[in-house]
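Enquirer: give me a model of this one.
(one chain, ligands or ions: 1)
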Amino acid sequence: MSVLDEIVAGVRADLAVRQAEVSEAALRQRLADVSPALDPMPAFRAPGLSVIAEVKRRSPSKGDLAEIPDPAALAGAYAAGGAAAISVLTEQRRFSGSLADLEAVRAAVPTPLLRKDFMVTEYQVLEARAAGADLVLLIVAALDDATLRGLHDLARGLGMTVLVEVHDEPETERALAAGAQLVGVNARNLKTLEVHPEVFGQLVKVLPDDVVKVAESGISGVDDAARYAAEGADVVLVGEALVKDGDPTAAVAAMRSSGGGVR
Ligand SMILES: O=P(O)(O)OC[C@@H](O)[C@@H](O)c1c[nH]c2ccccc12
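Expert: Below you'll find the model as predicted:
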C-alpha cells in the first residue's frame with residue numbers, strides 16, 4: 001500500500017463515523033443557509049503572483065510543524081498579508097486538522113477558503129460547502145476518472161472552485177479531461193512523499209494558457225516563489241514556511257511581491 005492509500009483508508013474510516021452522525025440529507029439542508037461560494041479565479045488570473053496560504057499543523061513527511069492553537073488568528077494574519085485564498089487542512093489522523101478549524105477560519109476572514117483533504121466521496125464535498133469552503137482539492141492520484149469527474153461536477157454545481165492536483169503527465173491529462181480550470185502541480189509525490197521541484201516546469205508545458213497554474217509544496221521562501229513565478233506559476237500554495245514564520249503577514253506579502261507586480 002502506498003502512503004496515499006494508507007491516508008485514504010484512514011480518511012474513509014473517519015468519514016464513516018461522521019456519516020453515521022449527520023445524514024447526507026441533513027447536510028444538503030444546511031447548504032440553504034450558507035452564503036454563496038466566493039470566486040478566487042479573478043484574483044488568481046490577475047497579473048503577478050497569488051498566494052494560497054495554508055493552515056497546517058503537521059504532515060506525514062515532516063511531523064509536527066506548528067501548534068496553531070488559534071487557526072482563525074493565523075488566517076487573519078494571512079489575509080492581512082494579501083493571501084488570495086486560505087487553505088485549511090481538515091484531515092485528522094496525519095495532519096491534525098478538522099472541519100472545526102475550517103469553520104473557525106470561515107467565521108474570521110472573508111477570503112476564499114480551500115478545504116484541503118483527501119476527497120473521495122460526494123459527502124465530503126457537501127460537508128466542505130456546508131462548513132463555508134469556497135474551494136475543494138481533488139487529488140487525481142487518489143481518484144478514478146468517473147469519481148474525479150463526478151466530484152468535480154458536483155463541486156462546480158455548488159458554485160465552488162476545484163483545485164485539481166497532479167504530479168505527472170498522465171495525471172495532468174486526466175485533470176484536463178475532467179474539465180479542470182485550476183490545476184495544482186504538487187512537487188511532493190503523495191505515494192512516496194518525495195519532493196521533485198522540477199515537476200512544475202515539466203508539466204507547465206502541457207497545461208493550456210487559460211488554465212490557472214498552482215505550484216504546491218516545498219516552497220521555503222521568496223526565492224522558491226520567484227522561481228515558480230518565472231516558470232509560469234500564477235499561484236503558489238505554501239504551508240510549512242508560513243506556519244513556521246514568526247510574521248506570517250510579512251511572509252505572505254513578500255511572496256506575493258516576489259512574483260513581480262503586487263496585486
Ligand atoms: O507545507 P508545504 O511544503 O508548503 O506544502 C503545502 C501544500 O502543498 C501541501 O500541504 C499539500 C499539497 N497537496 C496536498 C494534498 C494533501 C495534503 C497536503 C498537501
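
Enquirer: got the residue ranges for the helices in the stretch 1-150 of the chain?
Expert: All helices of the stretch 1-150 of the chain, identified by DSSP state H, counting those that start in this stretch, fall at 3-21, 24-31, 41-45, 71-80, 99-108, 122-130, 145-157.

Enquirer: and the stretch 151-263 of the chain, by the same measure?
Expert: Under DSSP H, counting those that start in this stretch, the stretch 151-263 of the chain gives helices at 169-177, 199-203, 222-231, 240-243, 248-258.

Enquirer: quick one on the thing from earlier: can you list the helices of the stretch 1-150 of the chain in JSON lines and add mean neighbour count?
Expert: Backbone N, C-alpha and C define where each C-beta goes, glycine included. Shown next, in JSON lines, are those (neighbours: other Cβ atoms under 10 Å):
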{"stretch": "helix 3-21", "mean neighbour count": "14"}
{"stretch": "helix 24-31", "mean neighbour count": "12"}
{"stretch": "helix 41-45", "mean neighbour count": "16"}
{"stretch": "helix 71-80", "mean neighbour count": "21"}
{"stretch": "helix 99-108", "mean neighbour count": "19"}
{"stretch": "helix 122-130", "mean neighbour count": "22"}
{"stretch": "helix 145-157", "mean neighbour count": "16"}
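
Enquirer: which one of these lies nearest to Leu193?
Expert: Closest approach to Leu193 among the helices of the stretch 1-150 of the chain is made by helix 3-21 (5.6 Å; Cβ to Cβ).

Enquirer: if we ignore the residues flanking it in sequence, what's nearest the residue of the stretch 1-150 of the chain found nearest the ligand?
Expert: Using Cβ to the nearest ligand atom, the closest approach of the stretch 1-150 of the chain to the ligand is made by Glu54 at 5.2 Å. Excluding the flanking residues, the one nearest Glu54 by Cβ to Cβ, 6 or more residues apart in numbering is Gly239, at 3.7 Å.

Enquirer: quick one: buried residues of stretch 207-214?
Expert: Residues of stretch 207-214 classed as buried by neighbour count (16 or more other Cβ atoms under 10 Å): Leu207, Val211, Val212, Lys213, Val214.
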